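A.B. asks: take this sequence and fold it.
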Amino acid sequence: MSKGTVLISGLNGFIAAVTAKHLLDNGYNVRGTVRRSSSAAVLLEGPLKSYAESGALTVVEVPDITIPGAFDEAVKDVTAIAHLASPVSFGFTDPEPVIKAALDGTTVILNSALKAGSQLKSIIYLSSIVAIMSGNPAPYTYTEKDWNNWAEPTVAAKGKDTPGVVIYCASKAAAEKAFWKFREDNKPAFTQTSLNPVFVIGPPLVAPKTPSEIGETIHAIWNIFSGGSFPLEELTPGIGATVDVRDVAAQIEYAIAHPGETDGERYLSSAAVATAQSTADILREAFPEARGRIVEGTPGEGYKSDYTLLDVENKQASDGSKARKLLKGGAYIPHEKSVIDTAKSFAHLL
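C.D. replies: Below you'll find the predicted structure:
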């Protein structure tokens, strides 16, 4: 018997596709939304084919998530909602449509949820570390108590001159604030939980067919694996922290399965700190045949052997201990495994 039906918005996204597979594997039915049905074909004809054929997975079109009522049909009879659809890029040039999509998409699905029926028990919102990063001077360790209080004012002051990464930060901060304001204003019968992961790496559910299909958050690993040069600094923007997409999926499932425990909670999901040098070292060790291609740099320099920076002076860090408790065994996937499995997903392109 199914554990219930989970609505996942943006099914064809990197995190959403992995989450769908995880939920299906663990006994849930999944209803996924996409802008166009054709965009789900690679999943329905590939790794999720058996679930689609059995009826455990269904797909519905929601062409524009910002239109009021857009999710009214999609939410019918679902027992949980994982709102994972949101624009993700660090190259945005115009803040208005990006913030509108993130903000309105969140409020629209929440308003539809009010019409879903009493069987709806929980909504999980995929926020981000950028909604937490408050710009506190280093050394500083971020927790769920922190809020981004600078990105939206920056957008208001600079408009289209705002850097793309700041636009993204503002969109996530605005949308999560709206998510919690909705809970305060409406006091819905269903529970609400947010997951705030750092830079998400790990293998995509569908291996990319070309380098251009490699997702933005794993593209840095591709650059190093394919022989690109690198600076000896954090591999990812901001605090350099990473978490595996499979752990994010498992944390979403935990929140769905334990609505009472996770109601009203934020979870900062953070497993390790990556640098370009640590990534090169991991890849050169795991793929000896690629050592002639992968830049050597200065092995072992600039990072800790356990991939943490929590006690390093003049660094900003993130505390993922609260979200770690949602995982089986209370442990994140080892960072080396995340990097290696990510590289395996595009090794065929070299």
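
A.B. asks: name the helix or strand for Leu268, please.
C.D. replies: strand 266-269 (DSSP states H and E).

A.B. asks: shouldn't Thr79 be in contact with Val6?
C.D. replies: Yes - contact criterion CB atoms under 8 Å: Thr79 and Val6 qualify, at 7.0 Å. All C-beta spots, glycine's among them, are computed from the backbone N, C-alpha and C.

A.B. asks: how about Tyr51, nearest residue that isn't a chain neighbour?
C.D. replies: Nearest residue to Tyr51, sequence neighbours excluded (CB to CB, 6 or more residues apart in numbering): Leu57, at 4.0 Å.

A.B. asks: so what's the residue count around the one you found?
C.D. replies: Using other CB atoms under 10 Å, the number of residues around Leu57 comes to 25.

A.B. asks: list the contacts of it.
C.D. replies: Neighbour list for Leu57: Ala20, Leu24, Asn29, Val30, Arg31, Gly32, Leu44, Leu48, Tyr51 [criterion: CB atoms under 8 Å, 6 or more residues apart in numbering].

A.B. asks: filter the residues you listed down to just the ones in strands.
C.D. replies: Asn29, Val30, Arg31, Gly32 (DSSP state E).

A.B. asks: scan these and report the most crowded one.
C.D. replies: Highest neighbour count within the ones in strands among the contacts of Leu57, by other CB under 10 Å: Gly32, with 30 neighbours.

A.B. asks: ok so, going back, what lies in contact with the strand holding Leu268?
C.D. replies: 127, 129, 132, 142-144, 193-198, 243, 247-248, 251, 255, 318-320, 322-323, 326.

A.B. asks: paired strands for the following helix or strand past that strand, with orientation please.
C.D. replies: Counting by DSSP H and E, the element after strand 266-269 in chain order, helix or strand, is strand 272-273. Strand 272-273 sits in its sheet next to strand 241-244 (antiparallel), going by DSSP bridges.

A.B. asks: mind checking which of the contacts of strand 266-269 are in strands?
C.D. replies: In strands, defined here by DSSP E, the members of the contacts of strand 266-269 are Tyr142, Thr193, Ser194, Leu195, Asn196, Pro197, Val243, Ser318.

A.B. asks: can you put the residues you listed in JSON lines and add pLDDT and neighbour count?
C.D. replies: Shown next, in JSON lines, are these (pLDDT from 0 to 100; neighbours: other CB atoms under 10 Å):
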{"residue": "Tyr142", "pLDDT": "94", "neighbour count": "24"}
{"residue": "Thr193", "pLDDT": "98", "neighbour count": "25"}
{"residue": "Ser194", "pLDDT": "98", "neighbour count": "25"}
{"residue": "Leu195", "pLDDT": "98", "neighbour count": "26"}
{"residue": "Asn196", "pLDDT": "98", "neighbour count": "26"}
{"residue": "Pro197", "pLDDT": "97", "neighbour count": "27"}
{"residue": "Val243", "pLDDT": "97", "neighbour count": "29"}
{"residue": "Ser318", "pLDDT": "92", "neighbour count": "29"}
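
A.B. asks: how far does stretch 343-350 sit from its chain's centre?
C.D. replies: Distance of stretch 343-350 from its chain centroid, counting by CA atoms, centre = their mean, to the nearest Å, is 22 Å.

A.B. asks: using PDB, write out every CA atom in that stretch.
C.D. replies: Extracted C-alpha coordinates of stretch 343-350, given in PDB (Å, rounded to 0.1, in the frame of the first residue of the first chain):
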ATOM      1  CA  ALA A 343      32.000  12.600 -11.600                       C
ATOM      2  CA  LYS A 344      30.800   9.200 -12.600                       C
ATOM      3  CA  SER A 345      27.600  10.700 -13.900                       C
ATOM      4  CA  PHE A 346      29.400  12.600 -16.600                       C
ATOM      5  CA  ALA A 347      32.500  10.400 -17.100                       C
ATOM      6  CA  HIS A 348      31.100   9.200 -20.400                       C
ATOM      7  CA  LEU A 349      31.400  12.700 -21.800                       C
ATOM      8  CA  LEU A 350      35.200  12.500 -21.700                       C
END
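
A.B. asks: how about that stretch, which residues are buried there?
C.D. replies: In terms of neighbour count (16 or more other CB atoms under 10 Å), stretch 343-350 has its buried residues at Ala343, Ser345, Phe346.

A.B. asks: ok, now stretch 86-102?
C.D. replies: Neighbour counts using 16+ other CB under 10 Å place Ser86, Pro87, Val88, Phe92, Pro95, Val98, Ile99, Ala101, Ala102 of stretch 86-102 among the buried residues.

A.B. asks: just the endpoints, please. Distance across that stretch?
C.D. replies: Across stretch 86-102, the terminal residues are separated by 5 Å (CA to CA, to the nearest Å).
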